[in-house]
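# Have a look at this prediction, sequence included:
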Amino acid sequence: MSLKRRLLNNGLASIFQKGVRVLEQLFLVPFFISAWGAAYYGEWLTLTIIPSIIGFSDLGFGTAAANSFVLNYASGDKKRAANTSVTGMYIITVMILIAMILSAIAILVLNSFKVFDKSLINGTEAIIAISVLILARLLNFYNQLIESYYRAAKKAALSINLLSIKAALNLAVGLIVLLMGFGIVEFAFSQLIVIILFNFFYWSKGRKILNLSEYYQGENDKKILKQITSKGLGYLMFPAWQAIYFQGTTFIVRIILGPEAVAIFNTVRTLSRSVNQLLNIISSSIFPELQYEIGEGNIRSAQKIYRISIIFSFIIAISGVMFLAFFGLWFYQIWTNNELNVPPTMWYIFIVGILFHACWWSSEPVFRAKNEPYKFALVGVFAAFVSVSLTYIFSKYWGLTGAALGALSLDVIMAFVIIPKSLNLLNLNFGDILTHGFTDIKQLVFNIKKKVKFL
């Protein structure tokens with residue numbers, strides 16, 4: 001299958017995936033508010049900070065192992081790829097055990113300070129639900145390495161579609177739980193059951209498609225273990241900046257402005273970032289092929305893929321900003337059943353952030369494709385700390401509008417730092433994007449139209 005065809009298939013699969021993801025983020029919110037109430041839902045969002053942080057962490061050692069696996073496989077070193085797979089599974093299992101211990105300690109410490117007793121949610125139910133969600137997130141740690149089997153077999157679109165099915169199942173099961181009037185414990189267990197059943201199928205299917213183990217029996221390699229550990233620490237900083245940013249700003253808003261403000265802040269951020277889900281389509285589509293081309297040494301193809309992603313992302317961002325500026329607040333009131341009142345200035349600050357986000361998000365796959373996590377992650381952690389600090393300061397003076405300004409600062413910092421770094425990794429300059437980017441897109445659109453017409 002040609003590169004253009006794979007990019008097209010990845011794009012279509014990513015569109016489906018992000019459609020499900022948007023539904024997952026937006027669809028259940030009215031049901032949460034209706035079933036539990038705005039304040040109770042706000043407390044639930046605050047309590048899930050721990051499992052949310054752990055959920056971000058599946059981009060750590062699993063990603064390091066996955067990227068090493070694909071680059072080794074694409075370069076033709078199948079034996080080293082097999083060793084990387086076995087070693088990767090070993091270190092991921094170790095990290096899961098460590099995470100389980102640390103999570104248990106964190107919950108015990110929080111409970112000793114009677115943190116759960118101060119919530120609107122029953123303390124015992126909160127502990128059980130959070131523990132179950134933590135286990136569910138930990139089981140997803142394997143998915144990054146398993147997903148690399150599909151990328152190496154040039155079947156990235158199939159992997160994306162399977163992960164979309166899992167998200168859809170989580171959504172459907174969660175909806176059923178809410179409609180039946182169950183609480184947070186039942187909701188958490190429903191998510192865990194879906195993840196256990198899906199992950200086993202996902203692993204079995206991936207091994208069968210690649211069929212590497214039939215020819216190469218991998219083994220635990222100490223040198224590869226060191227490499228994965230080193231890179232993994234860098235990738236752990238990817239979820240670190242996301243956790244600091246998303247959960248940190250949520251926590252700041254909670255302690256300064258209260259639980260209902262958390263519901264407003266998070267729902268506005270979720271709706272405004274629905275456009276970012278469209279940007280993720282571009283990122284998800286280009287990453288598998290970008291990494292494979294880099295692994296094979298086809299730098300010109302990698303440069304072309306990158307240029308296309310940057311131009312497409314900015315076009316999508318401008319369109320999204322215009323749509324949300326005219327219709328976003330109207331939709332928000334319908335979505336939340338007119339129960340939450342949003343300051344208009346806060347809303348427009350969040351949608352301006354989309355433009356800055358678009359400027360750097362499509363550059364992020366370059367760092368993963370080259371297996372260079374530190375060059376991205378250090379900037380992300382710095383920007384996240386600045387953003388949380390500004391959220392704290394601005395919230396005290398300007399309320400929710402100030403919180404929005406604090407959140408915006410992260411995208412501004414990332415835009416001005418990440419793009420130049422990604423260009424350097426691919427031996428490009430900004431002029432190359434303007435000079436060749438639109439030509440690349442015209443050629444891609446022409447080929448797509450030609451294939452569609454042929455079909």
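Received, thanks. Numbering: from 1, shown residues only.
# now the host helix or strand of residue 389: how far from the chain's centre is it?
Following DSSP states H and E, one finds residue 389 within helix 373-425. Offset of helix 373-425 from its chain centre (Cα atoms, centre = their mean, to the nearest Å): 17 Å.
# can you pull out the strands in the chain?
With DSSP state E, there are no strands along the chain.
# Going along the chain, name the helices of the stretch 51-200 of the chain.
Using DSSP state H, counting those that start in this stretch, the helices of the stretch 51-200 of the chain run over 61-74, 78-112, 123-139, 143-152, 156-179, 184-210.
# Residues touching the fourth one, excluding its own?
When you say that, I think you mean helix 143-152. For helix 143-152, the external contacting residues (Cβ atoms under 8 Å, 6 or more residues apart in numbering) are 58-59, 62-63, 65-67, 69-70, 73-74, 81, 85, 88-89, 92, 156, 158-159, 163, 199, 202-203, 206-207, 209-210, 212, 288, 291-292. Backbone N, C-alpha and C define where each C-beta goes, glycine included.
# Just the buried ones out of these, please.
58-59, 62-63, 65-67, 69-70, 73-74, 81, 85, 88-89, 92, 156, 158-159, 163, 199, 202-203, 206, 209-210, 212, 288, 291-292 (16 or more other Cβ atoms under 10 Å).
# residues touching residue 168, list them.
Going by Cβ under 8 Å, 6+ apart, residue 168 touches 20, 23.
# Could you check how far it is from residue 153?
Using Cβ to Cβ, to the nearest Å, residue 168 is found at 24 Å from residue 153.
# what's the answer for residue 256, then?
In terms of Cβ to Cβ, residue 256 sits 50 Å off from residue 153.
# chain center to stretch 264-284, what's the gap?
10 Å.
# Now it - C-alpha only, CSV.
Presented in CSV, the C-alpha positions along stretch 264-284 are these (Å, rounded to 0.1, in the frame of the first residue of the first chain):
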residue,chain,number,x,y,z
ILE,A,264,-17.7,25.7,34.4
PHE,A,265,-14.0,25.9,33.8
ASN,A,266,-13.6,22.3,32.7
THR,A,267,-16.7,22.2,30.5
VAL,A,268,-15.7,25.4,28.7
ARG,A,269,-12.2,24.1,28.2
THR,A,270,-13.5,20.8,27.0
LEU,A,271,-15.9,22.3,24.5
SER,A,272,-13.3,24.8,23.2
ARG,A,273,-10.7,22.0,22.9
SER,A,274,-13.1,20.0,20.8
VAL,A,275,-11.4,21.8,17.8
ASN,A,276,-8.1,20.4,19.1
GLN,A,277,-9.6,17.0,18.6
LEU,A,278,-9.7,17.8,14.9
LEU,A,279,-6.0,18.8,15.1
ASN,A,280,-5.3,15.5,16.8
ILE,A,281,-6.7,13.8,13.6
ILE,A,282,-3.8,15.3,11.7
SER,A,283,-1.3,14.3,14.4
SER,A,284,-2.6,10.8,14.6
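# now that stretch: mean pLDDT?
Averaging pLDDT along stretch 264-284 yields 85.
# Ok, stretch 87-98 next?
The average pLDDT for stretch 87-98 rounds to 89.
# Kindly report the same for stretch 21-28.
Across stretch 21-28, pLDDT averages out at 73.
# Against residue 308, how distant is the spatially closest residue to residue 313 that is not a sequence neighbour?
Nearest residue to residue 313, sequence neighbours excluded (Cβ to Cβ, 6 or more residues apart in numbering): residue 362, at 4.1 Å. According to Cβ to Cβ, residue 362 and residue 308 sit 9 Å apart.
# Identify the contacts common to those two.
By Cβ under 8 Å, 6+ apart, the residues touching both residue 362 and residue 308 are residue 286.
# Now do residue 112: how many residues are near it, please.
Look at residue 112: counted by other Cβ atoms under 10 Å, it has 8 neighbours.
# Tell me the pLDDT of it.
85.
# can you tell me how far it sits from residue 130?
Separation of residue 112 from residue 130 (Cβ to Cβ): 15 Å.
# And residue 367, by the same measure?
32 Å.
# do residue 77 as well
Residue 77 is 42 Å from residue 130, by Cβ to Cβ.
# what about the two, which has more around it?
residue 130 (24 against 14).
# Can you give me every residue that contacts the more buried one?
Counting by Cβ under 8 Å, 6+ apart, residue 130 touches 47-48, 50-51, 107, 188.
# right, so of the helices of the stretch 51-200 of the chain, which gets closest to residue 315?
Closest approach to residue 315 among the helices of the stretch 51-200 of the chain (Cβ to Cβ): helix 156-179, 21.8 Å.
# Next, the angle helix 143-152 makes with that closest one.
Computed with axes from the mean of the first three to the mean of the last three Cα atoms, to 10 degrees, the direction of helix 156-179 lies at 140 degrees from that of helix 143-152.
# Okay, buried residues for helix 156-179 please.
For helix 156-179, by 16+ other Cβ under 10 Å, it's 156-164, 166-171, 173-174, 177-178.
# my guess is the residue nearest to residue 313 contacts residue 309, does it?
Yes - counting by Cβ atoms under 8 Å, residue 362 touches residue 309, with 4.3 Å between them.
# Which one's more surrounded, the two?
A direct count of neighbours by other Cβ under 10 Å for residue 362 and residue 309 places residue 362 higher, at 28 against 25.
# What's the separation between that one and residue 104?
Applying Cβ to Cβ to residue 362 and residue 104 gives a distance of 39 Å.
# repeat for residue 343
40 Å.
# repeat for residue 120
24 Å.
# These two - which one has more neighbours?
Each of residue 120 and residue 104 has its neighbours counted (other Cβ under 10 Å); residue 120 has more, 16 against 12.
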